[in-house]
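Student: This is the structure alone, sequence omitted:
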C-alpha cells in the first residue's frame, strides 16, 4: 500500500468514526473539494505534509494523532 492510499484510508476511517461528511471536513480543513476527491480516489501521487496537517486540524486532532494508526506502521507501506 502506498502512503497516499494509507492517507485516503485514514481519512475514510476518521470520517466514519467522527460522523462527519467529506464536505464538512473540506470546510473545516480548507482542503478544496477537487483536492480531497483526488486524495480519496488515490489519483494524486503525493500528499504534502501541509495537506495532511490541514486534514488533521479539520478532524480537530494533531498531526501526530492523525498519523498514529497501524496504516502508517505497516512494513508493507511503500515509500517511493
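Tutor: Arrived safely. Every value quoted in this text rests on a predicted model; they were computed, and no experiment measured them.

Student: Could you check how far residue 5 is from residue 45?
Tutor: 11 Å (CB to CB, to the nearest Å). The way it works is simple: take the backbone N, C-alpha and C, and place the C-beta from them, glycine included.

Student: With residue 13 instead?
Tutor: For residue 13, the distance to residue 45 - CB to CB - is 22 Å.

Student: try residue 34
Tutor: Going from residue 34 to residue 45 by CB to CB gives 16 Å.

Student: What is the longest helix of this protein by residue count?
Tutor: helix 3-18 (DSSP state H).

Student: Could I get the contacting residues of residue 32?
Tutor: Neighbour list for residue 32: residue 26 [criterion: CB atoms under 8 Å, 6 or more residues apart in numbering].

Student: Could I get the phi/psi values of it?
Tutor: Residue 32 adopts backbone torsions of phi -60, psi 150, taken as degrees, to the nearest 10.

Student: Roughly how far does it sit from residue 54?
Tutor: Relative to residue 54, and taking CB to CB, residue 32 is found at 10 Å.
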